[in-house]
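Here's my sequence, what's the structure:
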Amino acid sequence: MRYFLSALVIAALSATTAFADTDDDNEAGPPAGLMAAGNRDKLPEVMLSVGEPLGGPWHLKSGRYYTVEITSDGSGEIGLSGADFFHAVWIDEVVVEGLEVRPTGLNSVEFDEPGTMKITFVAVKPGSYALSIPGSSGEDQRLDITID
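Below is the predicted model:
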């Protein structure tokens with residue numbers, strides 16, 4: 001019985017040491033997952049101004065976390081529509097003047113006054129998409145997006 005208990009204690013200590021070594025290895029490396037800092041990219045700011053180009057194109061990777069700031073100069077009531085794009089991403093949050101909104105999805109955004117909104121999202125569904133100014137037909141009024 002004494003040998004059995006000794007063997008049990010030795011086995012328990014060995015297992016504890018093995019787990020401790022594994023935990024140290026994980027702490028030394030970067031965290032994994034969608035929200036990890038190493039999986040984040042900041043996209044160029046989108047400037048909304050009457051008659052000005054939107055910029056782009058964007059080339060995104062599925063599974064990466066992105067941040068974009070959209071700013072309107074107030075030169076007119078202007079918005080961006082792109083339901084297909086917004087449905088191909090997981091929206092983490094939309095921040096406007098320090099107020100955070102966590103929607104289940106978007107179809108479009110609109111500015112009635114000058115200001116900036118920050119949208120954070122994870123690209124999910126590969127394909128070709130666009131954000132465009134509603135009612136416009138010019139190529140500059142469209143932001144082409146590809147998710148690989």
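
use CA for all of it now, contacts and neighbours both
OK.

Tell me the buried residues in the helix or strand where Thr146 lies?
In the assignment (DSSP states H and E), Thr146 maps to strand 142-147. For strand 142-147, a neighbour-count test (16 or more other Cα atoms under 10 Å) marks Arg142, Leu143, Asp144, Ile145, Thr146, Ile147 as buried.

hmm, who's touching that strand?
The contact list for strand 142-147, computed with Cα atoms under 8 Å, 6 or more residues apart in numbering, reads 53-62, 123-133.

Please export the alpha-carbon coordinates of that strand; PDB is fine.
Only the C-alpha atoms of strand 142-147 are listed here, as PDB (Å, rounded to 0.1, in the frame of the first residue of the first chain):
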ATOM      1  CA  ARG A 142     -17.200  53.300 -55.300                       C
ATOM      2  CA  LEU A 143     -14.800  51.500 -53.000                       C
ATOM      3  CA  ASP A 144     -14.000  48.000 -54.400                       C
ATOM      4  CA  ILE A 145     -13.300  45.300 -51.800                       C
ATOM      5  CA  THR A 146     -12.000  41.700 -52.300                       C
ATOM      6  CA  ILE A 147     -12.000  39.200 -49.500                       C
END
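
Quick check: neighbours of it in the sheet, parallel or antiparallel?
Strand pairing for strand 142-147, determined by DSSP bridges: strand 58-60 (parallel), strand 127-132 (antiparallel).

Would you tell me which one of those is buried the most?
strand 127-132 (a mean of 18; mean count of other Cα atoms under 10 Å).
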